[in-house]
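J.: predicted structure and sequence below. I'll ask about it afterward.
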Amino acid sequence: MVRHFGFGIAVLVLVVEARATERVTVQPVVVRTWAEMVAADEAMRATGGVRSHGLFQPPVSVRSFANTQAQNSNTIDRAPAPADHVEANLPSRSMCDPCPGDAALTTGFQATIGTSSVPNQVGAVGPIHVMSMSLPEVRIQTRDGASISAVSPNTFWSVLGNGGAFPRLIFDQLSGRWIAETQIGGSPALAISSTSDPTGAWTYYLLPIASGEQLSFHGLGVNTNWLAVTADVFSQSFTVFNGPKMWVVDKTTAIAGGPLTVTIFPAGFDGNTTIGEASLQPCVTMDAAEQTLWMINLLGTDLNDQVNLIRLSRITGSGAAPVWSVAPNSSYAGTGLFRVANTFNFTKKVAANCGAQGLTLLGARIGSSAVLRNGRIWATHHAWLPATGVPDRTDVFWYQIDPGAMPNPILQSGVIDSGAGTSHMCPSIAVNCADDVCIGMSRSDAVRCPEAAFATRLASDALGTMRPVQTLRMSNRFFSTGFGTPFYWGYYSATVVDPDNDRGFWTIQEYVGPTYQIFVPSLETVTKWGTWWGRITQDCNLNGVADLCDGVVTDCNSNGISDFCECDHCDFTGDGTFNGADIRVFVEALVNQPSCAGAEFLAFCRADMNRDGAITPSDIPLFVQQILSSVYCP
């Protein structure tokens, strides 16, 4: 089947035809423990090797849910679902009761500070650990922000070679495994944990490529049967786009930790050899009973009426013998394409940088993981508005899709938009058991410097709407890399549902970090970027306190709120900053040993850095790290 579609100024000739697949067995390269990686990293530093840095950052607590919406002035354009999908009530496919309460940021803490051009930050959350990957480092933390340890990407992937620049990372709740993917020596590389503990053993694999292939922009998805890696393939000189390529791993072999059974779908297998930014994004599947692994990608515009198009495709068959096909019943026969409700512009515009040189972004594509939850696909991307002519802003577009409802599968869609001159960018999406949604992103405008942010919606909210955007981590300076070079931002981010309760959310997003000096060619102040974890929880019992903070054992003042949610370790004195006065308060607490009860509670709780219920010398190292990282506090 041949169809002609537009993508910017390009014309796509979509030829969907069967192409020969190749089934191979990929042997594990090595099994390596996290402790071995840390030791290797320490040895590299001891011999003068270059390694990334990162400092412990205690959590920042937000206790009350009151007025969380009123504190935001952002407007949000709300687009209804297509006419044939505007029902009074969508069929309920959720796996838990809805929560009537709002969602708000409960805690936040530093992930990484870096100086390279873009962080390419990804992250995942397990039952006990939080793990992040970026260009400078791979870091494992506790769920309350304490740093366990960190290694450089070169150390994490060194058993396969140097690399790790464009990582992907998921915690697969269906198998209880951490799965990391990157590019090493031109080939896709996989690392799979042996258990749900990322500080244990990891098994490493290198997937094969054909001679002369150059890969760009990877995707990673999983379901009960398969693990899928996708990449855009170019010629050796990156002058010719050869189409997407896909490696589909029989998941039973991946979990076993031995040889992988891998089916390779060659470059251009999906018929697209024209649009190099129409990257395939496999879904992270949350439904254990879902036997199909769905994937989604933006694929141009219908030149007849300039309506944007999205394609659904799928993997079916058996674990060892997967079959790829487009979703059936498309109105563009045999293509899997469908039309969007909210049209957008593919023409890039630099994002706002609070009055400074604009930020350079990736083109419109579904860059972060799509999610399949309760039988529906959720996906998000940034693009530009207005949909025709010269764009004047960057916006976040999101979709809920029923893959069985072609040719009109969009159940609802919306746009996060604050008008001309504003930017919402690099989004990622997560959905909980009740179909509540969180979108993490960066945002900026002429006066707001690029900051980490998020927005939520409850399943009961009006179709096509998202609640006001909330700040995850503020920035107080424009972003600059020096030398007048493009200021790259992103390229993607991560937002996940909390596996601990399947209701709350975690998101890791980029913001502008501290400044530093460069001396070549002249003294110039530039900025580092930072990535920040936020934990967003709900108040399902409507008592004005985040559910995370209800009935937790560590409640030394017996007020029914977890001490974890009452103490701000960034500001001991309550004056809004971390300064010398905070050091004095901490030293006084060490000497005077304030009581946990009554008026002395906050002094006690803030000084108990390691939350062991006592103020002891063991709190001092964490406080010293807090002093060193004070610039990271809001």
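T.: Yep, that arrived.

J.: give me every residue that touches the residue lying closest to residue 368 once chain neighbours are set aside.
T.: Leaving aside its chain neighbours, residue 368 sits nearest to residue 428 (3.6 Å; criterion: CB to CB, 6 or more residues apart in numbering). To be clear about C-beta, it is placed using only N, CA and C from the backbone, and glycine gets the same treatment. Contact analysis of residue 428 by CB atoms under 8 Å, 6 or more residues apart in numbering lists 368, 369, 380, 439, 440, 441, 492, 493, 494, 495, 507.

J.: rerun at 6 Å
T.: 368, 440, 493, 494, 495 (CB atoms under 6 Å, 6 or more residues apart in numbering).

J.: beta-bridge partners for it, please?
T.: Beta bridges link residue 428 to residue 440, judged by DSSP bridges.

J.: distance of it relative to residue 492?
T.: Distance of residue 428 to residue 492, given as CB to CB, to the nearest Å: 7 Å.

J.: what touches both of the two?
T.: Here residue 428 and residue 492 share the contacting residues residue 368, scored by CB under 6 Å, 6+ apart.

J.: what about the strands in the stretch 501-634 of the chain?
T.: 505-518, 524-538 (DSSP state E, counting those that start in this stretch).

J.: ok, which of the ones you listed comes nearest residue 151?
T.: With respect to residue 151, and counting by CB to CB, the nearest of those is strand 524-538 at 16.2 Å.

J.: each with direction, which strands does that closest one pair with?
T.: strand 103-114 (antiparallel), strand 505-518 (antiparallel).

J.: mean confidence score for it?
T.: Mean per-residue pLDDT for strand 524-538: 82.

J.: can you pull the buried residues of it?
T.: 527, 528, 529, 530, 531, 532, 533, 534, 535, 536, 537, 538 (16 or more other CB atoms under 10 Å).

J.: now the two most distant members of the residues you listed.
T.: Using CB to CB for every pair in the buried residues of strand 524-538, the one that comes out farthest apart is 527 and 538, at 34.1 Å.

J.: look up the closest residue to residue 608, ignoring the ones flanking it.
T.: residue 615 (5.7 Å).

J.: that neighbour contacts residue 607, correct?
T.: Yes - taking contacts as CB atoms under 6 Å, residue 615 lies within contact range of residue 607: 4.9 Å.

J.: next, show the common contact partners of the two.
T.: Shared contacts of residue 615 and residue 607, defined by CB under 6 Å, 6+ apart, are found at residue 589.

J.: what does stretch 108-125 rub up against?
T.: Residues from elsewhere that reach stretch 108-125, judged by CB under 6 Å, 6+ apart: 54, 57, 59-60, 131-137, 145, 166-171, 488, 490-491, 494, 496, 506, 508, 510, 513, 528-534, 632.

J.: among these, which ones are buried?
T.: 54, 57, 59-60, 131-137, 145, 166-171, 488, 490-491, 494, 496, 506, 508, 510, 513, 528-534, 632.

J.: how about low-confidence regions in the stretch 1-150 of the chain?
T.: 1-18, 48-94, 115-117 (pLDDT under 70).

J.: helices along that one, start to end?
T.: Assigned by DSSP state H, counting those that start in this stretch, the stretch 1-150 of the chain shows helices spanning 34-46.

J.: also the stretch 451-600 of the chain?
T.: Taking DSSP H, counting those that start in this stretch as the test, the helices found in the stretch 451-600 of the chain are 580-592.

J.: contacting residues for the most centrally placed residue in the chain?
T.: In the chain, the C-alpha nearest the mean C-alpha coordinate belongs to residue 494, at 0.6 Å (CA atoms, centre = their mean). Residue 494 makes contact with 122, 123, 428, 508, according to CB under 6 Å, 6+ apart.

J.: bridged to it, which residues?
T.: Under DSSP bridges, the beta-bridge partners of residue 494 are residue 508.

J.: how near is it to residue 384?
T.: The gap separating residue 494 from residue 384 is 23 Å, by CB to CB.

J.: residue 135 too?
T.: 26 Å.

J.: list the residues that contact the closest residue to residue 133 other than its chain neighbours.
T.: Among residues not flanking residue 133 along the chain, residue 167 sits closest, at 4.1 Å (CB to CB, 6+ apart). When contacts are counted by CB under 6 Å, 6+ apart, residue 167 touches 122, 133, 182.

J.: pretty sure the second one is touching residue 170, no?
T.: Right, the one you point to is residue 133. No - look at residue 133 against residue 170 with CB under 6 Å: they stay out of range, at 10.8 Å.

J.: in the stretch 201-350 of the chain, which spans are strands?
T.: Taking DSSP E, counting those that start in this stretch as the criterion, the stretch 201-350 of the chain carries its strands at 201-206, 214-222, 226-234, 241-250, 260-265, 281-285, 293-302, 307-317, 322-326, 337-339.

J.: can you name the element that comes right after the shortest one?
T.: Note on strand 337-339: by DSSP states H and E, the next helix or strand toward the C-terminus is strand 359-360.

J.: least confident secondary structure element in the protein?
T.: Lowest by mean pLDDT, DSSP states H and E among the helices and strands of the chain is strand 60-61, with a mean of 40.

J.: wait, doesn't residue 402 sit right on residue 408?
T.: No - counting by CB under 6 Å, residue 402 stays clear of residue 408, with 9.1 Å between them.

J.: residue 595: how many residues sit nearby?
T.: 13 (other CB atoms under 10 Å).

J.: with residue 580 instead?
T.: For residue 580, the neighbour count with other CB under 10 Å is 9.

J.: next one: it from residue 461, what distance?
T.: According to CB to CB, residue 580 and residue 461 sit 46 Å apart.

J.: try residue 145
T.: Separation of residue 145 from residue 461 (CB to CB): 30 Å.

J.: mind listing the strands for the stretch 51-200 of the chain?
T.: Under the criterion DSSP E, counting those that start in this stretch, the stretch 51-200 of the chain contains strands at 60-61, 103-114, 122-125, 129-133, 138-142, 147-151, 168-172, 177-184, 187-193.

J.: who wins for proximity to residue 46 among those strands?
T.: Set against residue 46 and scored by CB to CB, the strands of the stretch 51-200 of the chain come closest in strand 147-151, at 13.9 Å.

J.: and the closest one, what does it pack against?
T.: The helices and strands touching strand 147-151, judged by 3 or more CB pairs under 6 Å, 6 or more residues apart in numbering; DSSP states H and E, are helix 34-46, strand 138-142.
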